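Trainee: Sequence plus predicted model, see below.
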Amino acid sequence: MSSYGNFQSDNMKNEKNRSDIKNPEFNATVKSKGAKEGDSLTKNMDKYVDFISWARWNPDLYIDLITPETGSIRLDLDQRVFLRSIARFASVYGVFPRGYGKCVSGDTLILTDEGIKEIGEYFDYQSDDKETFTIPEVKIVNRYNQLEIPSAGVYSGYKDTKKVITEEGFEIEASLNHPLLVIGKDGKHEWKKSEDISQDDYLVISRGNNVWGKSTCLKLEEDEFIRTNVRDAFENEIPKCILESPKNTVSKFIQGLFNTGCSISDSYIRYRTTSEKLSKQVQTVLLNFGIVSDRNKITKQDDISYSYFIEIDREYMSLYLREIGFSDKAIQNKLIEMCKTEREINPSLELGSADYYYSKVKSVVDSQNHVYDLSLPKTNSFVSNGFVSHNTFIEILAMYLVCIFYPDIEVSMSAQTKDNASKLLEEKHREIVKFYPLLGNEIVKSSFVKDSAMVSFISGGLINILANSQTSKGSRRKRLNIEESNLLNNALFEDALEPIVNIPRRTIGKEALISPEEVNGQINFFTTSGFRGSDEFERNLGMIDEMADLKGKIVLGSSWELACEYNRGETKSQILDKKDRLSPIFFSMNYECKWVLISPFVQKCTIKIW
């Protein structure tokens, strides 16, 4: 499809006969690209232009044409409506409900600015099966090893779950639709729901986060506390006061723990315990230091007694020595000699950093448990038991189609920060080229770094990013998609963002006039529900009036019923049960469509006749 990259028009595409497609300058451009007189492109130029026009108007049907037989996604009707709206209206306002049920079990360990915590602590391990929402006052480590403030927490009740266990013994229990980060066959990261995880998958394990607590509430001196308590009641688990302590205290505790139940050989450091919970905690704590370990359950011959072994192999011995070590001088000296020898053999030995380790899945087990979730609005991800868990695919897919169908257009996506926008665009870029390989053929180059992202197309189209802030003032683009728009204030929008698209899009032909066929200066808004009386709520109402007056605007909203209609999320009975238990205001903001003034009945009818 790249040959239309230099398509030009004398601005007559609004005429019925559309004679401008016979433009000799365009034909000359085609020839200069290698086309010969009488070849198939020249002979079928009318059909080619008709096809492009059809694809512009029906982008979802175009996607159907290029969808591979396997490995793609199926577009639901509401997604088709969304794609067509982006293609046909001057501005789209999309307000959609929160996601459902992506949660983990209460004993899942997360990294916070308060230390290593079980996620259930922030919900008092609620177990009454009544969904509850809260806003934890804490910062959570996300997939990029950054501390991020959660916008909300939810206890989702007692649910079907999957226990995913890797060959190294890393384990996480999550609801069926909870996404985990895996390494794809192409070597790139991708999200996969827990119910779809198989033994062929390698899960992404975050290590070397080096995030610790600040608690110093120990009543005894550290050495005395560890020496007198490590073998008694604390043997079954690491006490909270240790998990919430600074790095040095945690290091001393692990050192004391290993002094009591550890063996060392030329190839490994091995710690033994009969406590399953303690073994999981130790493995996660070591991971925070950057140390990857194997956790195995060994059952004795009587098939009753068992032990859990945490084993650190030679690759991570130097890191263990540097971060923890042994208080027993004989063992410490032996470890020093072993590490010295290892460094002489391998001088580039990894000493640990904040990066990923890839762990192959060993088993996936059906289970049930009470589950909890934390919503991180910037990155939609957090580290849990070492795994990376995930909390706008169609929107960004629409941007790619625009760049393919409209030569030399420049489109930007903005979010609260450039960093947020870059990460979001990178994730969805990988999914798009995976699900639709033919779209990847239209891409010349893609680049994603901190605070910067760019995708360029053969057509000359370009996608890049901006921030919803004054730093974007003075930028110029042809179209703009605004993420998290409910966080905007109108003064910022009018001063910094609205002027960005005030550059008319013109034809490439000799007249270079504004094309009447294209949606020029398009600004789209995407958000979850906000609050009545806010600037964005008033903008929403204004666009509804403009939609009624046929001014080229459209407001799209969906309630929980739409998700149920396509079997996305929870069942109707589960949602209605929530309605009885939650406050009317909270339920309306999170599950209904009152913010866009669309009743469920009208919403369904509109979709069915589109």
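Mentor: Received it, and whenever you're ready, just let me know what you need. Remember, predicted model here, so these are calculated numbers, not experimental data. Numbers count the residues shown, from 1 in each chain.

Trainee: tally of neighbours for the nearest residue to residue 483 once chain neighbours are set aside?
Mentor: The shortest distance from residue 483 to any non-neighbouring residue, by Cβ to Cβ, 6 or more residues apart in numbering, is to residue 415 (4.2 Å). In short, each C-beta sits where N, CA and C put it, glycine included. Residue 415 is flanked by 27 other residues according to other Cβ atoms under 10 Å.

Trainee: now residue 573
Mentor: Here the count is done by other Cβ under 10 Å, and residue 573 has 9 residues near it.

Trainee: Count the residues that sit near residue 336.
Mentor: Around residue 336 there are 14 other residues, counting by other Cβ under 10 Å.

Trainee: Surely it is in a helix?
Mentor: Yes - under DSSP: H, G, I helix; E, B strand; the rest coil, residue 336 falls within a helix.

Trainee: Need the pLDDT of it.
Mentor: Turning to residue 336, the model gives it a pLDDT of 91.

Trainee: Touching, it and residue 320? I think so.
Mentor: No - with contact defined as Cβ atoms under 8 Å, residue 336 does not reach residue 320; the gap is 11.4 Å.

Trainee: one step back: now the residue nearest to residue 483: how far from residue 485?
Mentor: When Cβ to Cβ, to the nearest Å is applied, the distance between residue 415 and residue 485 equals 10 Å.

Trainee: If you tally nearby residues, what's the number for residue 587?
Mentor: Using other Cβ under 10 Å, residue 587 has 16 neighbouring residues.

Trainee: what's residue 400 sitting at in phi/psi?
Mentor: For residue 400, the backbone dihedrals are phi -60, psi -40 (criterion: degrees, to the nearest 10).

Trainee: Quick one: residues contacting it.
Mentor: 432, 439, 442, 455, 463 (Cβ atoms under 8 Å, 6 or more residues apart in numbering).

Trainee: in what helix or strand does the second one lie?
Mentor: Element membership of residue 439, judged by DSSP states H and E, is helix 437-440.

Trainee: ok, now the first one?
Mentor: For residue 432, the element it lies in under DSSP H and E is helix 418-435.

Trainee: Residue 169 belongs to a helix, doesn't it?
Mentor: No - Residue 169 sits outside any helix when classified using three-state DSSP, being coil.

Trainee: residues near it, how many?
Mentor: Using other Cβ under 10 Å as the criterion, residue 169 is surrounded by 20 other residues.

Trainee: what do you get for residue 69?
Mentor: Based on other Cβ under 10 Å, the number of other residues close to residue 69 is 5.

Trainee: So that it lines up with my notes, have the first residue be 674 from now on.
Mentor: I'll keep to 674 as the first residue from here, and by that count the last item is residue 742.

Trainee: Name the SS class of it, please.
Mentor: Under the three-state scheme (three-state DSSP), residue 742 adopts coil.

Trainee: Residue 1110 versus that one, what's the distance?
Mentor: With distances taken as Cβ to Cβ, residue 742 is found 12 Å from residue 1110.

Trainee: Can you work out which residues contact both of residue 1088 and residue 1158?
Mentor: Here residue 1088 and residue 1158 share the contacting residues residue 1141, scored by Cβ under 8 Å, 6+ apart.

Trainee: Please read off the pLDDT at residue 1206 from the model.
Mentor: For residue 1206, the model assigns a pLDDT of 70.

Trainee: how near is it to residue 800?
Mentor: 37 Å.

Trainee: The two: which is more packed in?
Mentor: Taking residue 1206 and residue 800 together and counting by other Cβ under 10 Å, residue 800 has the greater number of neighbours (14 against 7).

Trainee: Pretty sure residue 822 sits against residue 814.
Mentor: No - under the criterion of Cβ under 8 Å, residue 822 lies out of contact with residue 814, with a separation of 11.7 Å.

Trainee: Neighbour count: those two, which is higher?
Mentor: residue 814 (25 against 14).
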